[in-house]
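Pasted the sequence and its predicted model underneath.
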Amino acid sequence: MAAEQKNLVLSKGISEAMNNTAFGLGIAVTCIIAHLLLTSKARSMIEEIELDALKLENLLARRQAGEGVDQAGA
């Protein structure tokens, strides 16, 4: 095989490897961004649920102590 052909085959191989690397990095960055967005949304949902649970717990504790909403106006 002539040196010119070897260089051509080598350059095609390097080009393919670089294209595959760029494609892989593009997919990885997209997945990382999606993961960050989903994790952020999940954390905010968990915080909202915990806040609502705390409100419910406080309401039930007040009701049990006799400070219920129905008796507050009486």
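The structure has been received and is ready for your questions.

In this protein, what residue spans correspond to strands?
Taking DSSP state E as the criterion, the chain contains no strands.

looking at it, which helix or strand is least sure?
helix 69-72 (a mean of 55; mean pLDDT, DSSP states H and E).

next one: stretch 4-19 to chain centre, how far?
In this view, stretch 4-19 has its centroid 38 Å away from the chain centroid, taken as Cα atoms, centre = their mean, to the nearest Å.

Please save the CA atoms from that stretch in CSV.
Presented in CSV, the C-alpha positions along stretch 4-19 are these (Å, rounded to 0.1, in the frame of the first residue of the first chain):
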residue,chain,number,x,y,z
GLU,A,4,-0.6,8.2,0.2
GLN,A,5,-3.2,5.5,0.6
LYS,A,6,-2.1,4.8,4.1
ASN,A,7,-2.5,8.5,5.0
LEU,A,8,-6.0,8.5,3.4
VAL,A,9,-7.1,5.5,5.4
LEU,A,10,-5.6,6.9,8.6
SER,A,11,-7.3,10.3,8.1
LYS,A,12,-10.7,8.6,7.4
GLY,A,13,-10.3,6.6,10.6
ILE,A,14,-9.4,9.6,12.6
SER,A,15,-12.3,11.6,11.1
GLU,A,16,-14.7,8.8,12.0
ALA,A,17,-13.4,8.6,15.6
MET,A,18,-13.7,12.3,16.1
ASN,A,19,-17.2,12.3,14.7
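
I'd like the average pLDDT over it.
On average, the pLDDT along stretch 4-19 is 95.
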